[in-house]
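Undergrad: Following is a predicted model, sequence given first.
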Amino acid sequence: MKKTVLISICLAVLNFGAIGQGFETVAIMPQVGLNLSKFAFEPAEIDYGFRTGFQVGAYVRTNKTIFIQPGVFYSYQGNDLLLIDNMNYQSIRDNVNYGMLKVPVLFGIKIMNLRFYTGTTVSFLTNVSGNNFGLEREDFSWTSLGGNIGAGLNIGLFSLDCTYEFGLTNFAPNIQNRNNTLTISAGLHFAF
């Protein structure tokens, strides 16, 4: 797994360098942000709620009207779960928090200082915190794929982005589930 993460980071860095070739300008956008994540899955006996987390990383974007914007982020997120056992009339409620290395590749259009984009994110699960369900890293898929839609605003050196990632693959094997995340992030915008 560590080799896969290391190879993905290396490929992303090489890709960033390749994107800069042949374009007039490239923008580097380090960002930090808040995220709200939520599992969407069946069976209906499981209730779920949004959990607040954070994200830190950077995008590299071609500075054209039509752009490509790959990035690498560390995201700490989680879910508030309630498991209801109808047979024993008991319930278990706890937070399941986890860390992920996210590699988004976005395509979009820039109109003045506004950006609108869509794309995909490959996520690599790095850790799962202790919880009352006894869930560990091995209970989840180590990689997942998500679709993204979002918008951003550049004002001078500053950038503000709002992105929604909807899960395209199951987050845990043998369970129909998806991990959905809303992220609001702010950062700097350096154009070269």
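TA: Arrived safely, thanks for sending. Numbering: from 1, shown residues only.
Undergrad: Confirm for me that residue 25 is in contact with residue 110.
TA: No: counting by CB atoms under 8 Å, residue 110 is not a contact partner of residue 25; they are 11.5 Å apart. C-beta coordinates here come from the backbone N, C-alpha and C atoms, glycine included.
Undergrad: what is in contact with the two at once?
TA: Common neighbours of residue 25 and residue 110 (criterion: CB atoms under 8 Å, 6 or more residues apart in numbering): 63-64.
Undergrad: of these two, who's got more company?
TA: residue 110 (20 against 11; other CB atoms under 10 Å).
Undergrad: where exactly do the strands run in this protein?
TA: 26-41, 46-62, 66-85, 90-111, 114-128, 143-155, 158-167, 177-188, 190-191 (DSSP state E).
Undergrad: Turn these into JSON lines, including mean pLDDT.
TA: Shown next, in JSON lines, are those (pLDDT from 0 to 100):
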{"stretch": "strand 26-41", "mean pLDDT": "88"}
{"stretch": "strand 46-62", "mean pLDDT": "85"}
{"stretch": "strand 66-85", "mean pLDDT": "85"}
{"stretch": "strand 90-111", "mean pLDDT": "86"}
{"stretch": "strand 114-128", "mean pLDDT": "94"}
{"stretch": "strand 143-155", "mean pLDDT": "94"}
{"stretch": "strand 158-167", "mean pLDDT": "95"}
{"stretch": "strand 177-188", "mean pLDDT": "90"}
{"stretch": "strand 190-191", "mean pLDDT": "88"}
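Undergrad: ok, residue 114 - contacts?
TA: 151-153.
Undergrad: so which of those residues is the most crowded?
TA: Neighbour counts for these, by other CB under 10 Å, peak at residue 152, which reaches 25 neighbours.
Undergrad: Specify the beta-bridge partners of that residue.
TA: Going by DSSP bridges, residue 152 is paired in beta bridges with residue 115, residue 161.
Undergrad: CA atoms only for stretch 115-124 - export them in PDB, please.
TA: C-alpha atoms of stretch 115-124 as PDB (Å, rounded to 0.1, in the frame of the first residue of the first chain):
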ATOM      1  CA  ARG A 115     -13.700  28.800 -12.000                       C
ATOM      2  CA  PHE A 116     -16.200  26.000 -12.600                       C
ATOM      3  CA  TYR A 117     -14.900  22.400 -12.700                       C
ATOM      4  CA  THR A 118     -15.700  18.700 -12.700                       C
ATOM      5  CA  GLY A 119     -13.500  15.600 -12.500                       C
ATOM      6  CA  THR A 120     -12.600  12.600 -10.500                       C
ATOM      7  CA  THR A 121     -10.700  11.900  -7.300                       C
ATOM      8  CA  VAL A 122      -8.800   8.700  -6.400                       C
ATOM      9  CA  SER A 123      -8.500   8.400  -2.600                       C
ATOM     10  CA  PHE A 124      -6.200   6.100  -0.700                       C
END
